[in-house]
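S.K.: Next input, structure requested:
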Amino acid sequence: MFQGTGSGVGKSVLVAAFCRVLWQKGLRVAPFKAQNMALNSFVTLDGLEMGRAQVYQAEACGLLPDVRMNPILLKPTGDSQSQVILMGKPAGNLAARSYYSSYQENLKVVRQAFDSLSRDFDLLVLEGAGSPAEINLQATDLVNMEMAAYADAPVIIVGDIDRGGVFAWFKGTYDLIPERHRARVSGFIINKFRGDISLLSPGIAQFQQIIPLHVLGM
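M.R.: Numbers count the residues shown, from 1 in each chain. The predicted structure follows:
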């Protein structure tokens, strides 16, 4: 599972790339993102709606899009309001508080979709949303660490070095992940690095003294 230090750090692209590599190795692989928030939706051949990121991830796997890959899509309609799409079908417009009050029902939808999809493939590559360090949302989490725990998936944390402070982002994210889930983190990926590796290497070495996990790539 790929999770991030925040939105827009490159999780979706990395999931697609990882899916492609596994597909090229002959594995039956599919993407999965429990909950996506985006206005850019896609309509499948059977008339169901899902997030576009999971569509190109499916293409990387040589697959047609399947709403099980993105069972919940939230389409913002205004301040704190979203149209909720469950398993490809509109389920109404809800304020954030009303949506979170349906946590248990939504969790059931997500887990059923994951279980169904996992029966059809050798491996699923999961994507988180936003950041697992959003402590105000952890009690109703169904897309980050709770999903990783349900899938028994190791987690790689992705950070975008273009935005600056990537090691602070990694440290803060790791520290704010609930302690019961922290051992699930396998390492970190620094996205969008284009500079002199000799200038970054000392920072990586220092960071590994602070958190005993590797920067797996950049």
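
S.K.: Hmm, residue 82 and residue 90 touching each other?
M.R.: No: in this structure residue 90 lies outside contact range of residue 82 using CB atoms under 8 Å: 11.0 Å. Using the backbone N, CA and C atoms, a C-beta is placed for each residue, glycine as well.

S.K.: And these two? Which one has more around it.
M.R.: Neighbours were counted for residue 90 and for residue 82 using other CB atoms under 10 Å; residue 82 has more, 20 against 12.

S.K.: and that one, what does it touch?
M.R.: 37, 74, 75, 76, 93, 94, 96, 99 (CB atoms under 8 Å, 6 or more residues apart in numbering).

S.K.: how many other residues sit next to the residue nearest to it when sequence neighbours are not counted?
M.R.: Leaving aside its sequence neighbours, residue 82 sits nearest to residue 74 (CB to CB, 6 or more residues apart in numbering; 4.2 Å). Using other CB under 10 Å, residue 74 has 20 neighbouring residues.

S.K.: ditto for residue 114
M.R.: Residue 114: 20 neighbours (other CB under 10 Å).

S.K.: who touches it in this structure?
M.R.: With CB under 8 Å, 6+ apart, residue 114 has these contacts: 32, 34, 68, 71, 124, 147, 150, 151.

S.K.: picking that back up, tell me the confidence at the residue nearest to residue 82?
M.R.: What the model reports as pLDDT for residue 74 is 96.

S.K.: Which of the contacts of residue 114 fall within strands?
M.R.: Counting by DSSP state E, the part of the contacts of residue 114 found in strands is 32, 124.

S.K.: need the contacts of residue 114 in a markdown table with distance to residue 218, pLDDT and neighbour count, can you?
M.R.: Compiled in a markdown table, those are given as follows (distance: CB to CB, whole Å; pLDDT from 0 to 100; neighbours: other CB atoms under 10 Å):
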| residue | distance to residue 218 | pLDDT | neighbour count |
| --- | --- | --- | --- |
| 32 | 25 | 98 | 26 |
| 34 | 27 | 98 | 27 |
| 68 | 32 | 98 | 22 |
| 71 | 32 | 98 | 27 |
| 124 | 25 | 98 | 20 |
| 147 | 26 | 98 | 27 |
| 150 | 29 | 98 | 16 |
| 151 | 26 | 98 | 18 |
